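In: Turn this into a model:
(one chain, ligands or ions: 1)
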Amino acid sequence: MLYPQAETPAEVAANLAAIRERMARACARAGRDPAGVRLLPVSKTVDQARIRFAHAAGYRAFGENKVQEVQLKQPQMADLGDVEWIVIGHLQTNKAKVVARLASEFQALDSLRLAEALEQRLRHEQRQLDVLVQINTSDEPSKYGLHPDVAASFIQQLQQFPSLRVKGLMTLAIQSADPERVRACFVRLRQLRDRLLPDLPAGMRLDELSMGMSGDFEIAIEEGATVVRVGQAVFGARALPHHHYWPSQQLPEEQVL
Ligand SMILES: *Cc1c(COP(=O)(O)O)cnc(C)c1O
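Out: Take a look at the predicted model:
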């Protein structure tokens, strides 16, 4: 699929409007209220000048896959005063400090070691952080995210970390040309959420299902997404393919970055 580069405020605004229109149609098909689905523009590799076009179109929160980019862009855009950074990619524990300081939400929580590092740093910053637990719904063994079978015990253990406000689940669907294989991943996430709800610890919520990207957000909405993370359809194609960001062969962390 081709995503032309959006180089002007009007082009970015038009892309955002077109995506919202497609989101509304998907909501209508599923009998859902469009107000129940957030559009999170994903700004990884996009420079601050073009992110400002989305801000001018009314968007305040931006998804970034790598904390290094948040560290770079946060000060560049601090003058706007109301920008929120949502980290959606795998995080090394040694970068927990940056997320604790600069992110408004973290969508890729998938280890207790990381939860503990975030807790420590958040206490230091005297703040709390909204988190989503990332689940591997595609049966690809090396993709990031927890196996659905361990999600229940993982969530029970998160009670040790009161600075983390658990809000929901996140997943990446399988990369497949077959929409029904993609849909199966989204169904798996929703059904897992429904199974987890009865034993959910007090104070935690699983209202949020973050699923769907440029190529599959309509299917995700049909299956219950409350947040879609859309990059290329907003800003244009990226130079690097998806597997640069979530390798299908597990590489040492240095190489992943
Ligand atoms: C880049 C990214 C997206 C958005 O992908 P697009 O193809 O640009 O829509 C969504 N989720 C995660 C975790 C990403 O890294």
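
In: Identify the residues contacting the residue in the stretch 151-257 of the chain positioned nearest to the ligand.
Out: As assessed by Cβ to the nearest ligand atom, the ligand sits closest to Gly231 within the stretch 151-257 of the chain, at 2.4 Å. No exception for glycine: its C-beta is placed from N, CA and C like everyone else's. Residues in contact with Gly231 (Cβ atoms under 8 Å, 6 or more residues apart in numbering) are Pro41, Val42, Ser43, Lys44, Val46, Gly63, Met213, Ser214, Arg238.

In: before we move on, which element is the last one in?
Out: What that stands for is Arg238. For Arg238, there is no host helix or strand (DSSP states H and E).

In: Could you say which helix or strand holds the residue lying closest to it once chain neighbours are set aside?
Out: Spatially, and ignoring its direct neighbours in sequence, Arg238 is nearest to Thr45 (5.1 Å; Cβ to Cβ, 6 or more residues apart in numbering). Using DSSP H and E, Thr45 sits within no helix or strand.

In: Could you double-check that Thr45 sits in contact with Gly236?
Out: No: between Thr45 and Gly236 there is no contact under Cβ atoms under 8 Å: 9.9 Å.

In: Can you list the buried residues in stretch 39-57?
Out: For stretch 39-57, burial by neighbour count (16 or more other Cβ atoms under 10 Å) applies to 39-46, 48, 50-55, 57.

In: can you check stretch 12-23 too?
Out: Val12, Ala13, Asn15, Leu16, Ile19, Met23.

In: thought the last one was touching Arg38?
Out: No: at 9.6 Å, Met23 and Arg38 do not qualify as touching, with contact defined as Cβ under 8 Å.

In: Count the neighbours of Ala115 for me.
Out: Neighbour count of Ala115, defined by other Cβ atoms under 10 Å: 23.

In: Now do the same contact list for the closest residue to it other than its chain neighbours.
Out: Nearest residue to Ala115, sequence neighbours excluded (Cβ to Cβ, 6+ apart): Phe161, at 5.1 Å. By Cβ under 8 Å, 6+ apart, the residues touching Phe161 are Ala115, Glu116, Leu118, Glu119.

In: Which residue lies closest in space to the third one, excluding its sequence neighbours?
Out: Nearest residue to Leu118 in three dimensions, chain neighbours excluded: Ala96, at 4.9 Å (Cβ to Cβ, 6+ apart).

In: in what helix or strand does that neighbour lie?
Out: Ala96 is part of helix 96-102, with elements assigned from DSSP H and E.

In: What strands line up against the helix or strand following that helix, and which way round?
Out: Note on helix 96-102: by DSSP H and E, the next helix or strand toward the C-terminus is strand 103-109. Within its sheet, strand 103-109 is paired with strand 84-87 (parallel), strand 129-134 (parallel), according to DSSP bridges.

In: Just the buried residues of the shortest one, please?
Out: Pointing back at strand 84-87 there. Applying 16+ other Cβ under 10 Å to strand 84-87 flags Trp85, Ile86, Val87 as buried.
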